[in-house]
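Enquirer: quick one, fold the following:
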Amino acid sequence: MMNKKRALIAVAVTTAVLALPSLSVIAQQDDDEPPEMGFFVTSTTKGDGGNLGGLAGADAHCQSLAAAAGAGDRHWHAYLSTQGAEAVNARDRIGSGPWANAEGIIMATSVESLHYDNSNLNWTHSLDENGNQFASRIDGDPDFSEHDILTGSQIDGTAMPSGQDQTCSNWTSNSEGSARVGHADRYSFMNPGSPWNSSHGTPGCTQENLVAVGGAGLLYCFATD
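Expert: Alright, predicted model coming up:
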C-alpha cells in the first residue's frame, strides 16, 4: 500500500511540474518584449538658442521626434523647469516611471531613483530617439563638445531660485539670460561624476552661447504615461 501511495504522489508532482512554464521560457518571453521607449536625448535642436517656444514648444519638439521614431502614441514632455512666481519643477512634468531608452534598458525606475543617482543616465545609455549615442560621441568615446542638455533645474529636479535667470526667460529668450544645463555623459572634461541635470550655466542664450560651452540646445524627453 505504501508503494502505491508513493507512486501516486510521484505522478502528481511530475504532472504539476510539467504543467508549469519553465523559467527559460519566461525569460525568453521577457526578452522578446523589451520595455517601450520612455526616455531619449533629442537628436536635433530647435536651433534658436534658449528660445524653445516655452515649455509647450519644447514638449512639441519631444513629441515630434518621438512620433518620427515610432513612439508618438505616448505623451512626451521635455525635462525642463521654469522660474518665477509660477515656477514649474522638471521632476513634476515627467510622469512616475519607469523609463527605458530606445534599446529597452531601464534608465530609472521612479522619480526618486532618477534624482538620487540610481539611474542609468550616462554616456553609454543616454541614447537619442533612434537608439544612437547622442552628438558628443566620437567612435564610441566621450567628446564633450556637445554634451550639455538644457534643464533649468537644480540637482533634485526642482526649479532654480528666483533672481538670476537660469532658464533663458522660461525658454523664450535667444539673447539675454542663461540656461542651467546638465551633462548627459556624466563627465566634466575628463572627470566622471558630473550631474546629468545640473552642471553649470551658459554665458547667454544665443545658439552661439550654447555651443561655446559644450552644448547645442539638446533636451531630455520623458514619456509621462
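Enquirer: per-residue confidence for the most centrally placed residue in the chain?
Expert: Nearest to the geometric centre of the chain sits F39, at 4.1 Å (C-alpha atoms, centre = their mean). For F39, the pLDDT comes out at 98.
Enquirer: low-confidence regions, the protein specifically.
Expert: Filtered on pLDDT under 70, the chain yields the residue ranges 1-32, 135-145.
Enquirer: check contacts around the closest residue to R74 other than its chain neighbours.
Expert: Excluding the flanking residues, the one nearest R74 by C-beta to C-beta, 6 or more residues apart in numbering is A223, at 4.2 Å. No exception for glycine: its C-beta is placed from N, CA and C like everyone else's. A223 sits next to 36-39, 66, 71, 74-76, 95, 99 when contact means C-beta atoms under 8 Å, 6 or more residues apart in numbering.
Enquirer: in CSV, list these along with secondary structure and distance to N51.
Expert: Converted to CSV, those look like this (DSSP: H, G, I helix; E, B strand; the rest coil; distance: C-beta to C-beta, whole Å):
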residue, secondary structure, distance to N51
E36, coil, 31
M37, strand, 27
G38, coil, 27
F39, strand, 24
A66, helix, 21
A71, coil, 26
R74, coil, 26
H75, coil, 24
W76, strand, 20
G95, coil, 26
W99, strand, 27
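Enquirer: now the strands for the chain?
Expert: 39-41, 76-78, 99-100, 106-108, 137-138, 141-142, 148-150, 180-183, 187-188, 191-192, 200-201, 220-223 (DSSP state E).
Enquirer: how about those strands in a markdown table, adding distance to G49?
Expert: Formatted as a markdown table, the strands of the chain follow (distance: least, C-beta to C-beta, whole Å):
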| stretch | distance to G49 |
| --- | --- |
| strand 39-41 | 18 |
| strand 76-78 | 15 |
| strand 99-100 | 27 |
| strand 106-108 | 27 |
| strand 137-138 | 23 |
| strand 141-142 | 24 |
| strand 148-150 | 10 |
| strand 180-183 | 12 |
| strand 187-188 | 23 |
| strand 191-192 | 27 |
| strand 200-201 | 14 |
| strand 220-223 | 18 |
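Enquirer: which of these sits closest to W171?
Expert: Nearest to W171, of all the strands of the chain, is strand 148-150, at 7.9 Å by C-beta to C-beta.
Enquirer: contacts for the closest one, please.
Expert: Residues contacting strand 148-150 (C-beta under 8 Å, 6+ apart): 41, 50, 52, 79-80, 171, 179-184, 196-197, 199, 202, 210, 213-220.
Enquirer: contacting residues around the nearest residue to the residue nearest to the centre of the chain once chain neighbours are set aside?
Expert: Of all residues not flanking F39 in the chain, W99 sits nearest, at 4.1 Å (C-beta to C-beta, 6+ apart). Going by C-beta under 8 Å, 6+ apart, W99 touches 38-39, 106-108, 114, 222-223.
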